[in-house]
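> here is a sequence with its predicted model. Questions after.
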Amino acid sequence: MKRRKYQPTMKSTQRKKCICVACGGDGFDRVSVEMKMETEELTNKLDWQFLYFSDPAKPAGQKFLGAVIVEAHGFLTAIRRAHQLGINPGGAVYHFDAPAHDPSMRNRLIIDDETMEKLGYKRRAA
């Protein structure tokens, strides 16, 4: 009788870590983040969320990658919505209350300084 080499299988309680920024980067596993998104969705309250993306590795004045205003239940679901729309530029993401804005600014990547100034944000000088 030939012996089989033992190969452990992943148990249902063990999950691989997701390194995606939308899933919390290195610190969160996908299951935990999905549970937090479900908790956000249980509120049944949709609001306009403002996400600001930056690259912390770049020098001052060049960190800004873009911003989006999307309708979502909260921070994590807003990141997922930006991914679904294809408007997430990557990098670090910051969440703010959505400022007063024109509906044309919704569901698109905002990268120009003029539009950001209309939202009340000004790029720092290098």
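Noted; the coordinates are in hand. All values reported here derive from a predicted model rather than from experimental measurement.
> residues near S32, how many?
S32: 14 surrounding residues under other CB atoms under 10 Å. C-beta coordinates here come from the backbone N, C-alpha and C atoms, glycine included.
> got it, and the one 5 residues further on?
M37 sits with 21 neighbouring residues when counted by other CB under 10 Å.
> the helices in the protein, which residues?
For the chain, the helices defined by DSSP state H occupy 30-41, 75-85, 113-118.
> out of the ones you listed, which one sits most buried?
helix 75-85 (a mean of 19; mean count of other CB atoms under 10 Å).
> now it: average pLDDT?
Mean per-residue pLDDT for helix 75-85: 92.
> the closest residue to S54 other than its chain neighbours: neighbour count?
In space, and not counting its chain neighbours, S54 is closest to K63: 4.3 Å by CB to CB, 6 or more residues apart in numbering. Residues lying near K63 (other CB under 10 Å) number 17.
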